[in-house]
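Student: Starting from these lines, generate the structure:
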Amino acid sequence: MSVYEHVTITRHGEEEHVAELALDRPEAMNAVSTALARDLGAATATLAALAESGAVRAVVVTSTHPKAFCVGADLKERNGFTDADLMAQRPVARAAYGGVLALPVPTIAAVDGFALGGGFEIALSCDLVVCGEVATVGLPEVSVGVIPGGGGTQLLTRRVGWSRAARIIFGAAKMTAAEALALGAVDEVVPAGSARERALGLAASMATHSPVGVRNAKKAMRLGFDVDLAAGLEIEDGCWRATAFSGDRREGVAAFAEKRAPRWPGV
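Tutor: Here you go, the predicted structure:
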């Protein structure tokens, strides 16, 4: 287990291909302070390197607090900030949220309890969001005079569409897990307290597949999402070529022919 002050990394499975990234500032319900943001950026950089090597094949983002994933920015800390302090914090925060978003392997947020503001943005930065049925999510930033700044205006809009995102963001709305699921803001709702278990199970399943194939599929999806179809197909072709001539492709075909489980080289 890798431990930072406010974040921990734990590897799961016999070969430790699943990494759990836990927000660990329970006394503040994981409010995003400068220190937590700095730890999150450092931890995601570590995980990115492990993912590129094939050692980590999926990441689950969780919380050590049973009733809160993350309640957003630490407003108590910010209340004492000068304008210069706020500007100095900005690149640290961007590196934290951007680090989650940029992870090259499947990422799943396991949300039980509150995921508000920056907390919901951490979840939205993941590929999938699994919520416990009593979770509360939302982007209430305009109610305190700011806007979602961890990717929320972009990621929520891409998930649910303009008008739904506008209603949520302009109204500083807080949603139940069921409401968020109906809008497409989260992907699955499970019994309270079981989001982590479900997310780890999904990650373990994904980690059994070709790490090169999964990484390149995610790359094609992410890079192709906001371009026209012709450009997207070119991106897909490049990712296909990068996969087709890999050791994983050769092993996958051999394992199929020999009727055995593949032993992915990850390159």
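Student: Which positions in stretch 251-260 come out as buried?
Tutor: Of the residues in stretch 251-260, E251, G252 count as buried by neighbour count, 16 or more other CB atoms under 10 Å. For the C-beta atoms, the positions are set from N, CA and C on the backbone; glycine is no exception.
Student: How far off centre is it?
Tutor: 32 Å (CA atoms, centre = their mean, to the nearest Å).
Student: For the chain, just list every one of the strands.
Tutor: 2-3, 7-12, 18-23, 58-63, 68-70, 107-111, 114-116, 128-132, 136-138, 174-176, 188-190 (DSSP state E).
Student: what's next to the last one, contact-wise?
Tutor: Spelled out, that is strand 188-190. L128, V129, V130, C131, G132, E133, A135, A177, A178, L181, R198 (CB atoms under 8 Å, 6 or more residues apart in numbering).
Student: Just the buried ones from the residues you listed, in ChimeraX syntax?
Tutor: Selecting only the buried entries of the contacts of strand 188-190 in ChimeraX, with 16+ other CB under 10 Å as the criterion:
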select :128,129,130,131,132,133,135,177,181,198
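Student: any idea which of the contacts of strand 188-190 is closest to P106?
Tutor: Ranked by distance to P106 (CB to CB), the contacts of strand 188-190 are led by L128 at 7.5 Å.
Student: Now do the end-to-end distance for stretch 190-198.
Tutor: Taking CA to CA, to the nearest Å as the measure, stretch 190-198 stretches 8 Å from start to finish.
Student: Could you pull out the buried residues of it?
Tutor: Buried residues in stretch 190-198 (16+ other CB under 10 Å): V190, A192, A195, R196, R198.
Student: For the stretch 51-200 of the chain, which segments are assigned as helices?
Tutor: 75-79, 83-101, 118-124, 152-160, 162-170, 177-183, 195-206 (DSSP state H, counting those that start in this stretch).
Student: which one of the ones you listed has the most crowded surroundings?
Tutor: Ranked by mean neighbour count, those are led by helix 118-124 with a mean of 29 (mean count of other CB atoms under 10 Å).
Student: what's the average pLDDT for that one?
Tutor: For helix 118-124, mean pLDDT is 98.
Student: So which elements touch it?
Tutor: strand 68-70, helix 83-101, strand 107-111, strand 136-138, helix 152-160 (3 or more CB pairs under 8 Å, 6 or more residues apart in numbering; DSSP states H and E).
Student: Show me the contact partners of stretch 66-80.
Tutor: Against stretch 66-80 from outside (CB under 8 Å, 6+ apart): 23, 26, 28-34, 36, 62-63, 86, 109-120, 122-123, 135, 140-141, 144, 193.
Student: just the buried members of those?
Tutor: 23, 28-34, 36, 62-63, 109-120, 122-123, 135, 140-141.
Student: on that earlier part again, will you turn the strands of the chain into CSV that also has distance to G151?
Tutor: Formatted as CSV, the strands of the chain follow (distance: least, CB to CB, whole Å):
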stretch, distance to G151
strand 2-3, 24
strand 7-12, 18
strand 18-23, 16
strand 58-63, 14
strand 68-70, 14
strand 107-111, 13
strand 114-116, 14
strand 128-132, 13
strand 136-138, 14
strand 174-176, 18
strand 188-190, 21
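Student: rank the ones you listed by mean pLDDT and give me the bottom one.
Tutor: Among the strands of the chain, strand 2-3 scores lowest, with a mean of 74.
Student: Count the neighbours of A48 for me.
Tutor: 18 (other CB atoms under 10 Å).
Student: returning to that earlier point: mind putting the helices of the stretch 51-200 of the chain in CSV, distance to R11 included?
Tutor: Putting the helices of the stretch 51-200 of the chain into CSV (distance: least, CB to CB, whole Å) gives the following:
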stretch, distance to R11
helix 75-79, 31
helix 83-101, 18
helix 118-124, 20
helix 152-160, 27
helix 162-170, 35
helix 177-183, 28
helix 195-206, 11
